[in-house]
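> Here is a sequence with its predicted model. Questions after.
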Amino acid sequence: MEVVAEAEDGRTTVRLARELLPDVIIMDIGMPHLNGIDATRQILSELPNVKIIALSMHSDRRFVAQMFKSGASGYLLKDCAFEELSRALRSVLSNQIYLSPAIAGPVMEDYVRHLSKGDPSSFSVLTAREREIVQLLAEGMTTKQIAASLHVSIKTVETHRQQIMNKLNIHSMADLIKFAIREGLTSLDS
């Protein structure tokens, strides 16, 4: 195995995936500028043969479920041993799904408990662009900075922000930031 690149944020990860066409990407969920869930979705929409293994400190079922819904082939906790990472790599390269044993039990238990509740999340309520804007707002970017970053007008960003707040019935930036953290669109570490 050969490490061909490292990236500090989600946008760079997507760009490098396009350029280098790796077999496997080890994807952190909590990345700045574009979270690992949406980066996974973007990469796999263009490069469906790439295998992605999520590497996260989060064992919450929402993170796990959203990574797999985005097309990830594996999910590991950041404190896993090298042997487990190696096992996960071999599994996904053999077209198998890998879920860390450390979280498989609790995730499945939680999943079964919440199966009938129809638990809506940001990934079922907001579009990919809206989630991206929520993440950037939560990371402290101004409307002008977001517009420049996404190559859209300030008015477009403002319209998206208003639609997001209406959809979520949120009335303040503080509540929007709390929502973004709770839903895994950003983290306190970003």
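Perfect, thanks for sending it.
> phi, psi of the closest residue to Val24 other than its chain neighbours?
Leaving aside its sequence neighbours, Val24 sits nearest to Lys51 (C-beta to C-beta, 6 or more residues apart in numbering; 4.6 Å). For every residue, glycine as well, the C-beta is placed using N, CA and C. Backbone geometry at Lys51, expressed as degrees, to the nearest 10, gives phi -100, psi 140.
> I'd guessed Lys51 sits against Asp23; true?
Yes - contact criterion C-beta atoms under 8 Å: Lys51 and Asp23 qualify, at 6.5 Å.
> coming back round to it: just give the number of residues close to the residue nearest to Val24.
Lys51: 23 surrounding residues under other C-beta atoms under 10 Å.
> Ok, Leu168 next?
With other C-beta under 10 Å as criterion, Leu168 counts 17.
> same deal with Thr159?
12.
> quick one, strands of the chain?
With strands called from DSSP state E, the chain shows them at 24-28, 51-56, 74-77, 98-99.
> now for those, which one comes closest to Lys178?
Closest of the strands of the chain to Lys178 is strand 51-56, at 19.7 Å (criterion: C-beta to C-beta).
> Other residues contacting that closest one?
Around strand 51-56, the neighbours that count as contacts under C-beta atoms under 8 Å, 6 or more residues apart in numbering are 23-30, 36, 40, 43-44, 63-64, 67, 70-78, 85, 88-89, 92-93, 98.
> Paired strands for it, with orientation please.
Here strand 51-56 has these sheet partners by DSSP bridges: strand 24-28 (parallel), strand 74-77 (parallel).
> contacting residues around the longest one?
Strand 24-28 is contacted from outside by 13, 17, 36, 39-40, 43, 50-56, 67, 72, 85, 89, 92-93, using C-beta under 8 Å, 6+ apart.
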